[in-house]
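Engineer: Here is the input, now give the coordinates:
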Amino acid sequence: MEKSSEFYQNPFHKIKKPMKRISLISTLLFSILSMAQSEHNTIRETLQRYLDGSSHNDTALIESAFYDDADLYLSKEGQEIWILSPKAYADLFKNRTKGEFNGREGKILAIDQSHDIATAKAEIRIPSRSLHFIDIFLLKKLQGEWKIISKAATLLPAQ
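Structural biologist: Numbers count the residues shown, from 1 in each chain. Next comes the predicted model:
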């Protein structure tokens, strides 16, 4: 016996539209989160180039993480502030064996990104010299690539 549509209603007909909306919204949110995660990973890669370059005496790797005209505000004994360009900073590693681990241990602690700018924080330890630094970075997406446009570092007091 065939049921007439006049008398028979699918009990799920009211669920279809809301489910489609939920599915669409879920897909959209997943896409946005994936893009944000992708940007976060790209920022992390830029920071990691700096950390790896400075831990393994690779001047080209260090410089690749920075915008050419960036300023690095560093700690130096006897100076309140020491300002270097990315090239001058990378040159601090040029007389060491490229690729050899020099004892610098770097770890990314935080990344905060908004559109085409980001801040980041990293910890640098040099156990052999009992040194512990905190670096703060300002990054900007330039021509599709994340670059460090400024870096400030502080040497933490010995504990």
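
Engineer: Going by C-alpha atoms from here, please, whenever you check contacts or count neighbours.
Structural biologist: OK.

Engineer: tell me the SS of the residue nearest to Ser75 when sequence neighbours are not counted?
Structural biologist: Spatial nearest neighbour of Ser75, chain neighbours left out: Thr154 (5.5 Å); criterion: Cα to Cα, 6 or more residues apart in numbering. Three-state call for Thr154 (DSSP: H, G, I helix; E, B strand; the rest coil): strand.

Engineer: Thr154 - how many residues pack around it?
Structural biologist: 17 (other Cα atoms under 10 Å).

Engineer: any idea how far it lies from Asp68?
Structural biologist: Note on Thr154: its distance to Asp68, by Cα to Cα, to the nearest Å, is 22 Å.

Engineer: just Gly144 next, same as before
Structural biologist: Note on Gly144: its distance to Asp68, by Cα to Cα, is 15 Å.

Engineer: can you map out the helices along this structure?
Structural biologist: Using DSSP state H, the helices of the chain run over 13-55, 59-64, 86-91.

Engineer: Comparing Gly144 and Asp68, which residue is more hemmed in?
Structural biologist: Asp68 (14 against 8).

Engineer: residues touching the more buried one, list them.
Structural biologist: By Cα atoms under 8 Å, 6 or more residues apart in numbering, the contact list for Asp68 reads 85-87.

Engineer: Same check on Lys121?
Structural biologist: For Lys121, the contacting residues are 108-111, 134-137, by Cα under 8 Å, 6+ apart.

Engineer: Apart from its chain neighbours, what residue comes closest to it?
Structural biologist: Ile136 (4.6 Å).

Engineer: Who does the one you found form a beta bridge with?
Structural biologist: With DSSP bridges as the criterion, Ile136 is bridged to Lys121, Ala152.

Engineer: again with the one 4 residues further on
Structural biologist: Using DSSP bridges, the beta-bridge partners of Lys140 come out as Ile117, Lys147.

Engineer: Before I go, just wanted to say thanks for your time.
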